[in-house]
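Enquirer: Dropping the sequence and predicted coords here.
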Amino acid sequence: QVRLVESGGGLVQPGSSLRLSCTASGFTFGNYEMHWYRQAPGKEREEVANISPSDRYRNVDDSVWDRFFISRDNNRNTVYLQMNKLTPADTATYYCNVKVRAQDYWGQGTQVTVSS
């Protein structure tokens with residue numbers, strides 16, 4: 001079955017960087033677009049970035065376009081989210097997502113807390 005496992009979150013100070021990873025299994029990773037979402041307390045889940053199957057296209061939300069970078073390694077079945085210059089507004093649970101045969105799959109999420 002489809003499985004997504006996120007890692008790399010943590011408690012960091014403002015201005016720090018983190019790299020999140022999401023390792024996938026149960027489907028042909030290189031054939032699917034991958035997404036990163038985040039959900040802050042009391043807010044709706046929002047998409048942060050996505051990347052095409054062959055890494056030909058990457059999209060990052062306007063709110064983080066100059067600080068966040070999405071990439072993937074199809075040999076490792078892993079998608080990454082590099083986050084730089086983190087601010088308290090980036091505090092959220094970050095989720096990996098894929099849609100396989102019209103069904104959305106989510107990982108368990110990884111918590112990112114930015115605080116001094």
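Expert: Looks like it came in fine. Everything numeric in this text was worked out from a predicted model, so none of it was measured.
Enquirer: bridging residues for the residue nearest the centre of the chain?
Expert: A centroid search over the chain (Cα atoms, centre = their mean) returns Trp36, at 3.1 Å, as the residue closest to the centre. For Trp36, the beta-bridge partners under DSSP bridges are Ala49, Cys96.
Enquirer: Contacts only, for it.
Expert: The neighbourhood of Trp36, defined by Cβ atoms under 8 Å, 6 or more residues apart in numbering, consists of 20, 22, 47-50, 70, 79, 81, 94-97. To be clear about C-beta, it is placed using only N, CA and C from the backbone, and glycine gets the same treatment.
Enquirer: Put the alpha carbons of stretch 88-99 into CSV.
Expert: Below are the C-alpha coordinates for stretch 88-99, written out as CSV (Å, rounded to 0.1, in the frame of the first residue of the first chain):
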residue,chain,number,x,y,z
PRO,A,88,7.7,31.9,13.6
ALA,A,89,5.1,32.1,10.9
ASP,A,90,6.5,28.9,9.4
THR,A,91,5.6,26.9,12.6
ALA,A,92,3.3,24.1,11.4
THR,A,93,3.0,20.4,10.8
TYR,A,94,4.4,19.6,7.4
TYR,A,95,2.9,16.9,5.3
CYS,A,96,3.9,15.0,2.2
ASN,A,97,1.1,14.2,-0.3
VAL,A,98,0.6,12.2,-3.4
LYS,A,99,-2.5,11.4,-5.4
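Enquirer: Pull the distance from it to the chain's centre.
Expert: Here stretch 88-99 shows a centroid-to-chain-centroid distance of 6 Å under the convention Cα atoms, centre = their mean, to the nearest Å.
Enquirer: Buried residues, that stretch. List them.
Expert: 90-98 (16 or more other Cβ atoms under 10 Å).
Enquirer: Would you point out the most distant pair within these?
Expert: Of all pairs drawn from the buried residues of stretch 88-99, the greatest distance, 24.5 Å, lies between Thr91 and Val98 (Cβ to Cβ).
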